[in-house]
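A.B. asks: Make a model of this:
(one chain, ligands or ions: 1)
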Amino acid sequence: MSLELRGVSVRYGSVTAVSEVDLSVTDGEVVALLGPSGCGKSTLLRAVAGLERPAGGRVDWDGVDLAGVPVHRRGFGLVFQDGQLFPHRDVAGNVAFGLRMRREPAADRARRVGELLELVGLAGYERRRVTELSGGEQQRVALARALAPRPRLLLLDEPLSALDRALREQLAVDLARLLRETSTTALVVTHDHDEAFTLADRVAVMQRGRIRQVGPPERVWRRPADADVAAFLGCAALLPARVRAGVADSALGAVEVGAGVPDGPVRLGLRATALRLAEAGPVRGEVVQRVHRRDHVRLLVRLSDVDAPSVPSTVDAVAPVVDAPAPGQRVRLVLDADGVAVLPA
Ligand SMILES: Nc1ncnc2c1ncn2[C@@H]1O[C@H](COP(=O)(O)OP(=O)(O)OP(=O)(O)O)[C@@H](O)[C@H]1O
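C.D. replies: Okay, here's the model as predicted:
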């Protein structure tokens, strides 16, 4: 039970939207396609669904080429950003859709609909009109509808991005649990890092039609393959460093990078949280700007006595909300391992 893409390319006229992609999704695994807008992730998902015909390469399921298999015979479930529910059917009618297509008996359908609604947290919603549900509830119904016929693969295209932030975070956690509980094999498209990392066993970072890196979320986050992937994952600056025994030494001081990083030259990717306020920190500077966030304060700091050409003249830093320094104040900073990624030199 696995999906295997080999050298898949998709073109729209002269535009190559997806370029020679290799990717596998194994039984029960959730893989996220993560990338900026326009990088080709929806197109790739549509090619897997059978909605686009690849210009090259193969899409296999269990070793069988799907090229001649139409969308409705692939046995895949689809969920899009805006749910695309049938407005004239009630919740039960929507969830039962795939089961009715397969001519399952009414009693079995009703039981399965009840099960699914329970699973997505909408028990008892059978007779509700879908037009009277909130956006989050509608997406739960869309999910229940896709899961009802027990698809061998679930394809999700930005399933949460039409929802507001708080709801999105909650639903991402619920969705991750749901996919695990039902051992669903899934490929999910998203441009949101948090969503990808919450949902996926492996993340595939896509840029300009190509997959640039595939790996477990933590690995991709901590060890981006190159500068482009690092930039997409929030590393605003790169800093040369040298690793010895799990500690990287740089012009901004030392930081633990873990025993898994071999000794030698590297680049450190600095996220906005890479430097934090510390009384005896080795880095000195002056606050230029202060911005309050929900649970911390972001500072823009002009560095004082670092004049290596590889070091940016201003850096982002994090301060606690209480007594955060104001613009003009002198501060000392230290590197924080949680905000630092490690890239090849
Ligand atoms: N039907 C189409 N005809 C022509 N070009 C298209 C078509 N659909 C997509 N494209 C182009 O293919 C490229 C990839 O688009 P795609 O929608 O797959 O990207 P995406 O990563 O999913 O972006 P988004 O998150 O914004 O949907 C883009 O350059 C887009 O303009």
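
A.B. asks: which residue ranges form the helices in the stretch 51-200 of the chain?
C.D. replies: Using DSSP state H, counting those that start in this stretch, the helices of the stretch 51-200 of the chain run over 91-95, 97-101, 106-119, 135-147, 165-181, 193-199.

A.B. asks: how about TSV for these, with mean neighbour count, mean pLDDT and distance to the ligand added?
C.D. replies: C-beta here means a position set from N, CA and C on the backbone, and glycine is covered the same way. As requested, the helices of the stretch 51-200 of the chain are exported to TSV (neighbours: other CB atoms under 10 Å; pLDDT from 0 to 100; distance: least, CB to the nearest ligand atom, whole Å):
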stretch	mean neighbour count	mean pLDDT	distance to the ligand
helix 91-95	24	96	24
helix 97-101	16	89	25
helix 106-119	16	91	28
helix 135-147	23	91	17
helix 165-181	16	88	15
helix 193-199	20	93	12
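
A.B. asks: and residue 164, how many neighbours does it have?
C.D. replies: A count of neighbours around residue 164, defined by other CB atoms under 10 Å, yields 9.

A.B. asks: Quick check: it vs residue 134, distance?
C.D. replies: Using CB to CB, to the nearest Å, residue 164 is found at 10 Å from residue 134.

A.B. asks: go on, residue 144?
C.D. replies: Distance from residue 144 to residue 134, by CB to CB: 15 Å.

A.B. asks: do the same with residue 290
C.D. replies: Residue 290 sits 37 Å away from residue 134, going by CB to CB.

A.B. asks: of the two, who's got more company?
C.D. replies: With neighbours defined as other CB under 10 Å, residue 290 and residue 134 compare such that residue 290 has more, 16 against 10.

A.B. asks: and the stretch 151-300 of the chain, which residues reach the ligand?
C.D. replies: residue 191 (CB under 6 Å from any ligand atom).

A.B. asks: List the contacts of the closest residue to the ligand within the stretch 151-300 of the chain.
C.D. replies: Of all residues in the stretch 151-300 of the chain, residue 191 sits closest to the ligand, at 5.4 Å by CB to the nearest ligand atom. Taking CB atoms under 8 Å, 6 or more residues apart in numbering, we find residue 191 in contact with 34, 35, 36, 37, 41, 158, 161.

A.B. asks: Give the helix, strand or coil label for the third one.
C.D. replies: Pointing back at residue 36 there. Three-state assignment for residue 36 (DSSP: H, G, I helix; E, B strand; the rest coil): coil.

A.B. asks: For it, give me the backbone phi and psi.
C.D. replies: Geometry field for residue 36 lists phi and psi as phi -70, psi 170, criterion degrees, to the nearest 10.

A.B. asks: What separation do you get for it and residue 307?
C.D. replies: 34 Å.

A.B. asks: same question, the first one
C.D. replies: Noted for residue 34: a distance of 37 Å to residue 307, by CB to CB.

A.B. asks: More neighbours: which of those two?
C.D. replies: Neighbour count, other CB under 10 Å: between residue 34 and residue 307, residue 34 has more, with 28 against 9.

A.B. asks: Flag every residue of the stretch 1-150 of the chain that's near the ligand.
C.D. replies: Going by CB under 6 Å from any ligand atom, the residues of the stretch 1-150 of the chain near the ligand are 12, 15, 17, 35, 37, 38, 39, 40, 41, 42, 43.

A.B. asks: Please pick the buried ones from these.
C.D. replies: 17, 35, 39, 40, 41, 42, 43 (16 or more other CB atoms under 10 Å).

A.B. asks: Quick check: residue 198 vs residue 152, distance?
C.D. replies: Using CB to CB, residue 198 is found at 23 Å from residue 152.

A.B. asks: ok, so of the contacts of residue 191, who is nearest residue 301?
C.D. replies: Nearest to residue 301, judged by CB to CB, of the contacts of residue 191 is residue 36 at 27.8 Å.

A.B. asks: what's the closest one in contact with, if anything?
C.D. replies: By CB under 8 Å, 6+ apart, the contact list for residue 36 reads 191, 207, 232.

A.B. asks: Show me those residues that map onto strands.
C.D. replies: Judged by DSSP state E, the subset of the contacts of residue 36 located in strands is residue 207.

A.B. asks: Please produce JSON lines containing the contacts of residue 36, extended by distance to residue 328.
C.D. replies: Formatted as JSON lines, these follow (distance: CB to CB, whole Å):
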{"residue": "191", "distance to residue 328": "37"}
{"residue": "207", "distance to residue 328": "40"}
{"residue": "232", "distance to residue 328": "34"}
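
A.B. asks: For the residue most central in space within the chain, which non-adjacent residue is closest in space?
C.D. replies: Against the mean C-alpha coordinate of the chain, by CA atoms, centre = their mean, the closest residue is residue 196 at 2.1 Å. Counting by CB to CB, 6 or more residues apart in numbering, residue 196 lies nearest to residue 32, which is 3.8 Å off, once chain neighbours are set aside.
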